[in-house]
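Chemist: Next one to model:
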Amino acid sequence: MFDLRYHVASLAAVFVALVLGIFVGVGLSGKGFVSDAERENLQAQIDALRAERDSAVARAAGADSRGLELDEFAETTYPQLVAGMLEGRTVGIVFVGSVDQGLANSVRRSVDDAGGRVVLVRALRVPVDAEATDAALRAEPDTRELVGLDNRERLGRELARELVTAGPNPVFDRLARVIVEEQSGAAARALDAVVVARSAVPQRGETARLLAGLYSGLAAAPVPAVGVETNDARQSTVGVFHRRGLGTVDGADTPAGRVALVFLLAGARPGSYGTGEDALDGILPDPPPLPVASKG
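Modeler: The predicted structure is shown next:
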């Protein structure tokens, strides 16, 4: 994820290189190899870069300060902002790769604080074992039509459909030993919302096709589906999620990110939210309508 501090570091490295360059130039100039005009040009470059570096340092300090202020504000107002928004709703979490316990706990906390409950966690094993997958699908008549490379996206969409419904789940039943790395909980009824995260490295080939179908299938589900990542994610996934139609939150482990996640799970307008460079729609979505209390 982009950070002004990285920009400052790169500017510093270039600055050092130019300083070394001018020292070498000054040394050579004593032997008549570098003209006064060339020395002045190098000095001008150093002066310009020094000004840009100082400006970047100031912007980074300001961004850090504003980020801390935003987190403090979100932390203070968070309980009031999310209270009751997910009252009685059930949420599932799907990891592509192993379960990231820190992120899973952050999502659970957000859902619990809003009155909901995480009832299901599934981690999908990647990359896909093509031979084992097709062998398992061929074992039953009702899943044979999903066999083969050309059906990987379709298979992903079917997995998405079964994730959010109460059953029956013939595809997951056939493939549990092949594609499910870890799971906990079970949904007694259809899920009210789903969160998806990728802990594995980017995938290619058949696995990429299956994941494309999974993401787009979740995006097309009749319940909110949100792709998330942590604030310190080394390689952002939200762009991939967003292109497949999912609402996204970067920094879902931060106070502002938890607010955004709850808003989206409660039905706010899908978009890409957070503080990273892929957060195209701002830090927070507009809050969804409050649940209507039932009349007794």
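Chemist: now E206: how far from A188?
Modeler: Distance of E206 to A188, computed by Cβ to Cβ, to the nearest Å: 33 Å. From N, CA and C alone the C-beta is placed, and that goes for glycine too.
Chemist: out of the two, which sits in the busier spot?
Modeler: E206 (18 against 10; other Cβ atoms under 10 Å).
Chemist: can you give me phi and psi for that one?
Modeler: phi -60, psi -40 (degrees, to the nearest 10).
Chemist: Then S184?
Modeler: Dihedral angles for S184 - degrees, to the nearest 10 - are phi -150, psi 150.
Chemist: what's across from it in the sheet?
Modeler: The partner list for S184 in beta bridges (DSSP bridges) reads V121.
Chemist: repeat for I93
Modeler: V121, V195.
Chemist: Counting neighbours, which bits of stretch 163-175 end up buried?
Modeler: 163-165, 169-172, 174-175 (16 or more other Cβ atoms under 10 Å).
Chemist: That should have said stretch 270-278, apologies.
Modeler: Under the neighbour-count criterion of 16+ other Cβ under 10 Å, stretch 270-278 has 270-276, 278 buried.
Chemist: E87: which of those is nearest?
Modeler: Nearest to E87 among the buried residues of stretch 270-278: P270, at 21.1 Å, using Cβ to Cβ.
Chemist: quick one: the closest one is in a strand?
Modeler: No: using DSSP: H, G, I helix; E, B strand; the rest coil, the assignment for P270 is coil, not a strand.
Chemist: What segments of the stretch 151-296 of the chain are helices?
Modeler: 152-164, 170-179, 205-219, 238-243, 255-265 (DSSP state H, counting those that start in this stretch).
Chemist: Please identify the deepest-packed of these.
Modeler: helix 255-265 (a mean of 26; mean count of other Cβ atoms under 10 Å).
Chemist: Other residues contacting that helix?
Modeler: Identification of contacts with helix 255-265 by Cβ atoms under 8 Å, 6 or more residues apart in numbering yields 70-71, 74-75, 78, 81-82, 85-86, 89, 91, 106-107, 109-111, 113-114, 116, 193, 195, 224, 226, 228, 231, 247, 249-252, 270, 273-275, 283-288.
Chemist: Can you lay out the helices of the stretch 151-296 of the chain as TSV showing mean pLDDT and distance to V96?
Modeler: Listed next are these as TSV, based on pLDDT from 0 to 100; distance: least, Cβ to Cβ, whole Å:
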stretch	mean pLDDT	distance to V96
helix 152-164	96	11
helix 170-179	91	10
helix 205-219	97	6
helix 238-243	94	10
helix 255-265	93	18
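Chemist: which one of the ones you listed lies closest to P141?
Modeler: For P141, the closest of these is helix 170-179, at 9.8 Å, according to Cβ to Cβ.
Chemist: Summarise which helices and strands that closest one is packed against.
Modeler: Applying 3 or more Cβ pairs under 8 Å, 6 or more residues apart in numbering; DSSP states H and E, we find helix 170-179 packed against helix 130-138, helix 152-164.
Chemist: L137: which of the helices of the stretch 151-296 of the chain is closest?
Modeler: Comparing those by their distance to L137 (Cβ to Cβ), the top pick is helix 170-179, with 6.0 Å.
Chemist: So what's the residue count around Q80?
Modeler: Q80: 7 surrounding residues under other Cβ under 10 Å.
Chemist: Next one, pLDDT for it please.
Modeler: What the model reports as pLDDT for Q80 is 81.
Chemist: So it: helix, strand or coil?
Modeler: Classified using three-state DSSP, Q80 is helix.
Chemist: Report the separation between it and R152.
Modeler: Distance from Q80 to R152, by Cβ to Cβ: 45 Å.
Chemist: got it, and Q45?
Modeler: 53 Å.
Chemist: Sweet, I'm off.
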